[in-house]
Structure formats: C-alpha cells, structure tokens
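Student: Fold the following.
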Amino acid sequence: MQDDLILETISVTKNFFGDKSSGVNNITIFVPKGKITAIVGESGSGKTTLLNLLFGMLQPDHGEVFFKEEQVLSREHGIQHAHKVMRLVTQNGIDMDPRSSVWNTVRDGLPEEDLSHEIKRVTEALNMLNIYPLKDYPFGKLSGGEKQRVTIAKALISRPEVLLLDEPFNQVDAFYREALQHDIRQIVREWKTTVVLVSHDPAEILSMADELIVIKEGEIVENGPPDELYHSPQLLYTSQILASGSKLTSTQAKVCGIKSRRGVVVIYAEHIKITLLGKKWVVKMVLFKGFYEELIVEHAGVTLRVMNYNRGKYKTGSKVGIKISKYFEFGKWES
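Tutor: Have a look, this model is predicted:
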C-alpha cells in the first residue's frame, strides 16, 4: 500500500441471505491518509455495509480489507491493531447509557493506560467539540445534535487514526450542523485524523469531503474530488444524487431550446436564469429556501426547477423567460 493511503479494499463482496442485490459487490477503494472521504448513495445502496467492512464489523464473502499493510479481519476473529486505532460512530448512539453524565460518557472512550490523564484528555475532547458546559448533564437529556457531539468526542478521545461516521448529521438540527462539520474539519487538520463518512445528503458531503465515492446497488459507479463529480458527472445517477435539477427526455429538451444527442438531459437549477425575453414559462410554485427561492416553471408540458435569488419578485401564475447556461447529456446516443 502507498504511504499516502491508510485503508484499502480489494474486490470486496458482502451479500446477505444469498441475495446479490444486497450489500456490496466487487468493491475496490483507496482511502487517503489525513483526508475526509465521503461515501454517498441512495438508501440501500450498500454504504453502511462498506463502512462496517472497513471497521471489521463484517467479514467479506470475497476480497480483502487492509489497514496500511495489515489485513483487517472480522472482530469475531480477535482484536487486531487495526481495530484498536479505528472508531465507528453510528447515527443512533444505541450503546450509550442515558443516565451517564457527558463527562463520564466521554471518559469511557479513554484506553486504560490513559486514565491517569483523564482530566486533561476529557477536557480537551469536550472543548474540541464545544460541549464542555454540558459535562454534568445526563446523556439522555441532551438534544440530538448534542448527543452526536458527545458520541464523536468519545470516539476521538483515544486519538484514533481513522474515524468512521455513519450518517453523522442525521439527528443534528440545521442550526448546529454547519458548526459540527467545521469542528470535524478542524480535527482532521490538527490531529491528522482520517475520516470516512457515509451520507445521503449532498450538502453534507460537498462541503466536507476531499474525496467522494458514489455507490449504487452495491457497486462504485464514480469517484473523485467532489467539485469534479458535481461539475462534470459522468452518470445520470451521480447528477441526481449531488444536485437539485430537472431530468428531461431529448424531446422535452427541445422545448428548452436544447438539441440533445442523447436520450436524457439534466439541468441543474443553478444553471437556469430568469429573463425578460420570451415570457412563455408559467411559475407553478415558489419554494422558499431561505436566502433564495426555487421556482417550479412549466411550458408545453415541461417542468423545470430554477434557482432564484431575487426573492419575492415572481409570483405563482406569472410568466417568465429562461436562459440555460449549461446542461448534461446521459443515456443512449440518438441517431
């Protein structure tokens, strides 16, 4: 394994109940050291199965998992060095004692040999995740976002080399989500921790990840830097996973002035602008998105999503023109 890689899978397959449509199939990935790698895909695509294979919670049916030069086996075969330097944070916190204080919960993540430095290490972990004021609160009395911070602090207190996060922001309110993402990025920078996270939310992974792995029906379909996959998706699936957009047939695309050479056209909402010319599109719906709106416009049976920053200017029922700056073509080539 190269020095800049820390985790690797070679042609890993893990199915359940003999069903090849479950789990993952023939997966090969390379996780760079000290980076954030995100695994994204629709529900049931195999994301969590892949995470559990990396952690040693599952034994692959075929293929191998490596931590540096060490093959990672299921923990049922015994605890290896790789297991000791990795931590997994799930989205439900099911193994937490609701009556235990935040301080004691985080302290329980310390290895025996570090207990003599309990005050220093626990204080450091609580401050790193901005939860020191909650140190005396029972875990069960915390909000979802606070619980997730405590869970991550417990995982980080032993200074693991790899932190695995399964939908880490699923229970976190939007108000706290960005701050928690910032904290994790800061930890990666300062502690050189490698993070592998699983998510179905494009906003999370696009803002955090250095590397992105797109998985569909148990197989990797694309991987690379998030900005490259977002701006130049090779597959329809990737474009729909990562962005809000409109999927059209080539016939529907002609209504938008697009002469497509392939069967499917995708237009991101951000690539459509409202104009004063050719007012033939009807605003069917205005969706409030905070600092911007998403307009649903329709013409000749074709519906588009349009990102609009001039909030309140266009009302339902009004007519507008559109200008498309970019689109993607997928599917079969047409003669």
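Student: contacts, neighbours, all on C-alpha from now
Tutor: OK.
Student: can I get the CA coordinates of the top helix by length along the chain in PDB?
Tutor: Secondary structure of the chain per DSSP state H: the longest helix is helix 174-191. Presented in PDB, the C-alpha positions along helix 174-191 are these (Å, rounded to 0.1, in the frame of the first residue of the first chain):
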ATOM      1  CA  ALA A 174     -29.600  22.600  10.700                       C
ATOM      2  CA  PHE A 175     -28.500  25.300  13.200                       C
ATOM      3  CA  TYR A 176     -25.800  23.000  14.700                       C
ATOM      4  CA  ARG A 177     -24.900  21.000  11.600                       C
ATOM      5  CA  GLU A 178     -22.500  23.500  10.000                       C
ATOM      6  CA  ALA A 179     -20.700  24.100  13.300                       C
ATOM      7  CA  LEU A 180     -20.200  20.400  13.800                       C
ATOM      8  CA  GLN A 181     -18.900  20.000  10.200                       C
ATOM      9  CA  HIS A 182     -16.500  22.800  10.900                       C
ATOM     10  CA  ASP A 183     -15.300  21.100  14.100                       C
ATOM     11  CA  ILE A 184     -14.700  17.800  12.300                       C
ATOM     12  CA  ARG A 185     -12.700  19.500   9.500                       C
ATOM     13  CA  GLN A 186     -10.700  21.300  12.200                       C
ATOM     14  CA  ILE A 187      -9.900  18.000  14.000                       C
ATOM     15  CA  VAL A 188      -8.800  16.500  10.700                       C
ATOM     16  CA  ARG A 189      -6.400  19.400  10.100                       C
ATOM     17  CA  GLU A 190      -5.000  19.500  13.700                       C
ATOM     18  CA  TRP A 191      -4.900  15.800  14.600                       C
END
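Student: Now do it: everything it contacts.
Tutor: Contacts to helix 174-191, defined as Cα atoms under 8 Å, 6 or more residues apart in numbering, come from residues 34-36, 128-129, 145, 149, 159, 169, 193-195, 204, 208.
Student: Just flag the most distant two among those residues.
Tutor: The most widely separated members of the contacts of helix 174-191, counting by Cα to Cα, are Gly34 and Gly145 (24.8 Å).
Student: measure the nearest residue to Ala82 once chain neighbours are set aside to Asp4 for me?
Tutor: Closest residue in space to Ala82, ignoring its immediate chain neighbours: Phe67 at 6.1 Å, by Cα to Cα, 6 or more residues apart in numbering. Separation of Phe67 from Asp4 (Cα to Cα, to the nearest Å) stands at 12 Å.
Student: of these two, who's got more company?
Tutor: Using other Cα atoms under 10 Å as the criterion, Phe67 and Asp4 rank with Phe67 on top: 22 against 13.
Student: Wait, the more buried one touches His83, no?
Tutor: No: Phe67 sits out of contact with His83 when judged by Cα atoms under 8 Å, with a separation of 9.1 Å.
Student: End to end on stretch 80-96, go ahead and measure it.
Tutor: 24 Å.
Student: and that stretch, average pLDDT?
Tutor: Throughout stretch 80-96, pLDDT has a mean value of 84.
Student: what is the rounded mean pLDDT of stretch 22-34?
Tutor: 94.
Student: residues of that stretch that come out buried?
Tutor: Buried residues in stretch 22-34, counted by 16 or more other Cα atoms under 10 Å: 22-25, 27-34.
Student: Out of the residues you listed, which sit inside strands?
Tutor: Among these, the members found in strands (DSSP state E) are 22-25, 27-32.
Student: Can you tell me how far the residue nearest to Pro32 when sequence neighbours are not counted is from Phe67?
Tutor: In space, Pro32 comes closest to Leu5 once its chain neighbours are excluded; the distance is 4.3 Å by Cα to Cα, 6+ apart. Distance, Leu5 to Phe67, by Cα to Cα: 9 Å.
Student: This completes my enquiry, with thanks.
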